[in-house]
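Undergrad: got a predicted structure here, sequence first:
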Amino acid sequence: MDNNLPEEVEAYLEEMVQRLTDYLKDQLVGVYLFGSASYGAYESGLSDLDVQAIVKDPLDTVEKQAVISRLNQEALPCPATKLEFVVYAQSAVDPASCHPRFELNLNTGLHQPDHISLDPANESSHWFLLDIAMGRELGRNLYGPDKTVAFGTIPRHWALEAIANSLDWHQANELNSVNSVLNACRGWRFIVTGEFSSKLDGAKWAMQQQGCPDIVSRAIAARKTGDELPAAQVMTLYHIVMTANRAELSTDVK
């Protein structure tokens, strides 16, 4: 495990894997830590935990509920801001799918009600695609085969389209949030360099680019205050990122 993580987080992840293996047994293919906690960007009090599991065959409703009841906040308190936990059947992620269909999606934490989704049609698939694309590069194996073996390769064109969809989503739902700006910066970095990173590292990269608007440094400063940001200034950044993305999509071969 990553020594940069607090001891209580490491212990929590170990217990998660134990509970999944105890219940799913041979049905469990692998468990993977994605997100900031997997690549040295975890910050106590700010970061969540993004864990993905793969099972051999689709789960029935009883199995899904059993997994949820073993990992939700009431059963296993999450030491981070929340747990984002997704289970896929093996066939849904290898070979890769442009719209990965999960078995269950659970968000659980101390300061929020559980969000449980068992139907991929109710969720925006671009988030799941981007999580897998980033996780294949930056994630960490907790159990089972290597992440690059368990998850099929995500074509660059799919990632670019998912970034465009994520920008559209933020523009429609939370344009003036810190997360909106940092997500755009991470997308911008991938568009230009082909490299994924944490949101904060994406913002730091963006600040080094010619023409980077001041809203990026303002967003970094507002991470711990949660202040809303001026929508017009955020749109200045979005215009830069969207223009770069459209240019890449026009030349990238599907």
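TA: Yep, it's here.
Undergrad: how about L142, secondary structure?
TA: Assigned by DSSP: H, G, I helix; E, B strand; the rest coil, the conformation of L142 is strand.
Undergrad: pretty sure it sits against E10.
TA: No: using Cβ atoms under 8 Å, L142 is not in contact with E10; the gap is 10.4 Å. Placement of C-beta: from N, CA and C, glycine included.
Undergrad: of these two, which one has the most company?
TA: Counting neighbours by other Cβ atoms under 10 Å for L142 and for E10 shows that L142 has the greater number, 20 against 16.
Undergrad: distance check, that one against I116.
TA: Per Cβ to Cβ, to the nearest Å, L142 is found 22 Å from I116.
Undergrad: repeat that for Y39.
TA: To I116, Y39 is 27 Å away according to Cβ to Cβ.
Undergrad: which residue of those two possesses the greater neighbour count?
TA: Per other Cβ under 10 Å, whichever of Y39 and I116 has more neighbours is Y39, with 21 against 14.
Undergrad: max-length helix in the protein?
TA: Taking DSSP state H as the criterion, the chain has its longest helix at helix 231-251.
Undergrad: now do it: everything it contacts.
TA: 157, 160-161, 163-164, 167, 171, 175-176, 180-181, 184-185, 187-188, 191-192, 206, 211-216, 218 (Cβ atoms under 8 Å, 6 or more residues apart in numbering).
Undergrad: same thing with stretch 151-161?
TA: Where contact means Cβ under 8 Å, 6+ apart, the residues beyond stretch 151-161 that reach it are 32, 54, 93-96, 98, 126, 129-130, 132-133, 135-136, 190-191, 194, 245, 248-249, 252-254.
Undergrad: of the residues you listed, which belong to helices?
TA: Taking DSSP H as the definition of helices, the contacts of stretch 151-161 contribute 93, 126, 129-130, 132-133, 135-136, 190-191, 245, 248-249.
Undergrad: who wins on neighbours among those residues?
TA: I132 (28 neighbours).
Undergrad: and V87, what helix or strand is that in?
TA: Assigned by DSSP states H and E, V87 belongs to strand 83-89.
Undergrad: what's the spacing between the nearest residue to P145 once chain neighbours are set aside and D57?
TA: Among residues not flanking P145 along the chain, G30 sits closest, at 5.7 Å (Cβ to Cβ, 6 or more residues apart in numbering). Between G30 and D57 the distance is 14 Å, computed by Cβ to Cβ.
Undergrad: neighbour count for the two, which is higher?
TA: In terms of neighbours (other Cβ under 10 Å), G30 is the more surrounded of G30 and D57; the figures are 22 against 12.
Undergrad: which ones are touching the more buried one?
TA: A53, I54, N141, L142, Y143, G144, P145, K147, A150.
Undergrad: in stretch 98-113, what counts as buried?
TA: Within stretch 98-113, the residues that qualify as buried are P100, R101, F102, E103, L104, N105, L106, N107, T108, G109, counting by 16 or more other Cβ atoms under 10 Å.
Undergrad: how close does the closest residue to A219 other than its chain neighbours get to P77?
TA: Excluding the flanking residues, the one nearest A219 by Cβ to Cβ, 6+ apart is V181, at 3.8 Å. Taking Cβ to Cβ as the measure, V181 falls 31 Å from P77.
Undergrad: who has more neighbours, the two?
TA: Neighbours per residue, other Cβ under 10 Å: of V181 and P77, the larger number sits with V181, 30 against 13.
Undergrad: just the element for the more buried one, please.
TA: In this assignment (DSSP H and E), V181 forms part of helix 178-193.
Undergrad: report how many residues lie close to the residue lying closest to S180 once chain neighbours are set aside.
TA: Of all residues beyond its chain neighbours, the one nearest S180 is H170 (4.1 Å), with distances taken as Cβ to Cβ, 6+ apart. Residues contacting H170 under the criterion other Cβ under 10 Å number 20.
Undergrad: many thanks, we can stop here.
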